[in-house]
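1. Here is a sequence together with a model predicted from it:
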Amino acid sequence: MRRTGGERVLPEVEAWLARRTSSAADWPARALLSAKGDSRISVVLPARNEAETVGEIVAAVRRELVEAVPLVDELVVIDSRSADDTAVRALRAGAKVFAQDEILPELHDPRYDGKGEVLWKSLAVTTGDLVVFVDADLREFRTSFVTGLLGPLLADPSVAYVKACYDRPLLGAAEPNAGGRVTELVARPLLNLHWPLLAGFVQPLAGEYAGRRAVLERVPFVTGYGVELGLLIDLLDQVGLDALAQVDLGRRIHSHQSTEALGRMAGQIMHTAWARLERQDRIIPLHEPSSRLVQFERGHAGHRAVTRDVAVAERPPMATVPQYASRLR
């Protein structure tokens, strides 16, 4: 990856970029199959109301990475309370489908919801030594998303976690990365301020990533939109920068959320960062941050204030959950 202009990045980050950044084209499926050995690989799609896209993604992975090249051992969709036929289409396309609330039902709590909850629960119903997470709303999906993320893990046992990077176009916008609004306005400034070793991640909030089960089960999962930032910060603390990698997957096309929804996402990400600043003794808190986010909607009588809760709940490391630990014995 080439750096141009402006201030120099930290030497550690510059060295990491050169050593731990690769391209999906560097990792063809046949070569990965040779490197796989006895490792089991699980691909997980968290899905809520993604009937339009989930079937195509599942079918592509099954066709190219289960049948044509037997790289993936387990293809799982976790249905997160969908109101459409997401589960039916995923099942028909060849995935094993689990309902979110049927996994570890004794731990069900309405406070815990969102993508991070689904990802955390997926560890309890999959068996792969390597776990690949892929969002279910991707359009123009390519199986190189999966093989690219697996490449560094299969090639180097010292790599524990791999994030995707890509261009994120916003429909109707001229800039190739206009879709990454929360990344540029919230996540990247936070990381550069407080965790500058993570400044080399092009897409710190990317929804596609892969990791070793032995590592993923040792870190907490934020249950809402802060899960990606939380995992990145916690894994840096657990395994160090050199055990993290990123792979350029080209371009990612998906549906976009409203500005108001992105505001709520930003609020959860800021709460996630605050919790880690406090936990890692990087700040001396003099107050508890408010979990209320006031936004405005225009009505017939003018602007109306709408208050939403952006607090983030957090699940403990899966390895500490007795029901999970007993399964491993």
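-> It's in.

2. Which residues does the helix or strand harbouring Val146 contact?
-> For Val146, the host element (DSSP states H and E) is helix 144-155. If you take C-beta atoms under 8 Å, 6 or more residues apart in numbering as the criterion, helix 144-155 is touched by 20, 22-29, 32, 35-36, 39, 41, 43, 61, 65, 71-72, 130, 132, 134, 138, 159-160, 162, 164, 208-212, 245, 247-250. (Glycine included, C-beta is placed from N, CA and C.)

3. what residues does the helix or strand containing Ala210 touch?
-> If you go by DSSP H and E, Ala210 is part of strand 209-212. Strand 209-212 has contacts (C-beta under 8 Å, 6+ apart) with 129-133, 149-150, 153, 160-164, 228, 231, 235.

4. could you flag which of those are buried?
-> Buried members of the contacts of strand 209-212, counted by 16 or more other C-beta atoms under 10 Å: 129-133, 149-150, 153, 160-164, 228, 231, 235.

5. Tell me the first helix or strand C-terminal of the longest helix that the chain contains.
-> If you go by DSSP state H, the chain has its longest helix at helix 259-279. Going down the chain from helix 259-279, the next helix or strand is strand 292-299, by DSSP H and E.

6. Give the buried residues for that following strand.
-> Residues of strand 292-299 classed as buried: Leu293, Gln295 (neighbour count, 16+ other C-beta under 10 Å).

7. ok, Val227 - contacts?
-> Contacts of Val227 by C-beta under 8 Å, 6+ apart are Gly114, Lys115, Gly116, Leu119, Phe221, Thr272.

8. redo that, cut-off 6 Å
-> Lys115, Gly116, Phe221 (C-beta atoms under 6 Å, 6 or more residues apart in numbering).

9. Then Ala160?
-> Taking C-beta under 6 Å, 6+ apart as the criterion, Ala160 is in contact with Arg212, Val215, Val239, Ala243.

10. Ramachandran coordinates for it?
-> Main-chain dihedrals, Ala160, degrees, to the nearest 10: phi -110, psi -20.

11. what ranges do the helices span in this structure?
-> Under the criterion DSSP H, the chain contains helices at 11-20, 29-36, 54-61, 86-93, 115-125, 144-155, 181-182, 188-194, 213-216, 227-239, 259-279, 322-328.

12. With distance to Thr307 and mean pLDDT added, can I get these in TSV?
-> Output for these, formatted as TSV (distance: least, C-beta to C-beta, whole Å; pLDDT from 0 to 100):
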stretch	distance to Thr307	mean pLDDT
helix 11-20	39	98
helix 29-36	49	97
helix 54-61	33	98
helix 86-93	30	98
helix 115-125	23	97
helix 144-155	38	98
helix 181-182	20	90
helix 188-194	24	97
helix 213-216	35	98
helix 227-239	24	98
helix 259-279	11	95
helix 322-328	36	79
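
13. What separation do you get for the closest residue to Val239 other than its chain neighbours and Arg212?
-> Nearest residue to Val239 in three dimensions, chain neighbours excluded: Ala160, at 4.8 Å (C-beta to C-beta, 6 or more residues apart in numbering). Distance, Ala160 to Arg212, using C-beta to C-beta, to the nearest Å: 5 Å.
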